[in-house]
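Novice: build me a model from this:
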Amino acid sequence: MAGARAACAARRAAGATPPGAGAAGDGGALPRRPVLGMACAIAAAAALSGLPGCGFRLREPPRLAFSRLHLAGFEPRSPLEAALRRALQGQASFVASPADADLVLRALAEQRERSVAASTAAGQVRELQLRLRVTVRADSPDGRERMPPVTLRQARDLRTNETAALAKAIEEDALYLAMLDDIVDQLLRRLAALAA
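Specialist: Residues are numbered from 1 along each chain as shown. Take a look at the predicted model:
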């Protein structure tokens, strides 16, 4: 042990820094970066540990009062039907017959629209407005109306550029999918408000 102390003292006298020590002349303190990193980690952990106490939770899908759903009136390969099936996966089963269902969801209209929102003096389109409109209603299996027809709308603006037509077409599809997801969220909240 005495040999280790002597080697350490000799290194200090020569100005060398032993492994794990700070700069020469600071009394062998720990390096500052790991200490600051550790302090930041402790502060972040302390801040995050208070989140559950304030009521913070990740958004969960609404709880529905039915477990079997029949989808009627949807077009073949409807994006709305596919989005509903995705959103309700594990929460409700889809049945082929309205008689076997707890709730019948009828699609009355599903329409995509696009219009010119801005153009140049030369007539080139610079901005489009994309709109998605969906009308649905919910009935009980015996035909009683559980939710009157409701129209859900979403709109987004899309800047256009003729030189990037393919990229803008992909962006347009992504915007329609985002609008569809928003409409499905709104619809699920309305369905969750229905009494059992």
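Novice: wait, isn't I183 in contact with V136?
Specialist: No: using Cβ atoms under 8 Å, I183 is not in contact with V136; the gap is 9.4 Å. All C-beta spots, glycine's among them, are computed from the backbone N, C-alpha and C.
Novice: how about A99, nearest residue that isn't a chain neighbour?
Specialist: In this structure, A99 finds its nearest non-sequential neighbour in P141, 5.7 Å apart by Cβ to Cβ, 6 or more residues apart in numbering.
Novice: related to what we said a few turns ago, of I183 and V136, who's got more company?
Specialist: Applying other Cβ atoms under 10 Å to I183 and V136 shows that V136 carries more neighbours, namely 25 against 21.
Novice: so what's that one bridging to?
Specialist: Residues in a beta bridge with V136, per DSSP bridges, are A107, V150.
Novice: mind listing what it touches?
Specialist: Shown in contact with V136 (Cβ atoms under 8 Å, 6 or more residues apart in numbering): L105, R106, A107, L108, M147, P149, V150, L152, L187.
Novice: change it to 7 Å
Specialist: Residues near V136 by Cβ atoms under 7 Å, 6 or more residues apart in numbering: L105, R106, A107, L108, V150, L187.
Novice: got JSON lines for those, with neighbour count too?
Specialist: JSON lines is the format used below for the contacts of V136 (neighbours: other Cβ atoms under 10 Å):
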{"residue": "L105", "neighbour count": "23"}
{"residue": "R106", "neighbour count": "18"}
{"residue": "A107", "neighbour count": "18"}
{"residue": "L108", "neighbour count": "12"}
{"residue": "V150", "neighbour count": "14"}
{"residue": "L187", "neighbour count": "22"}
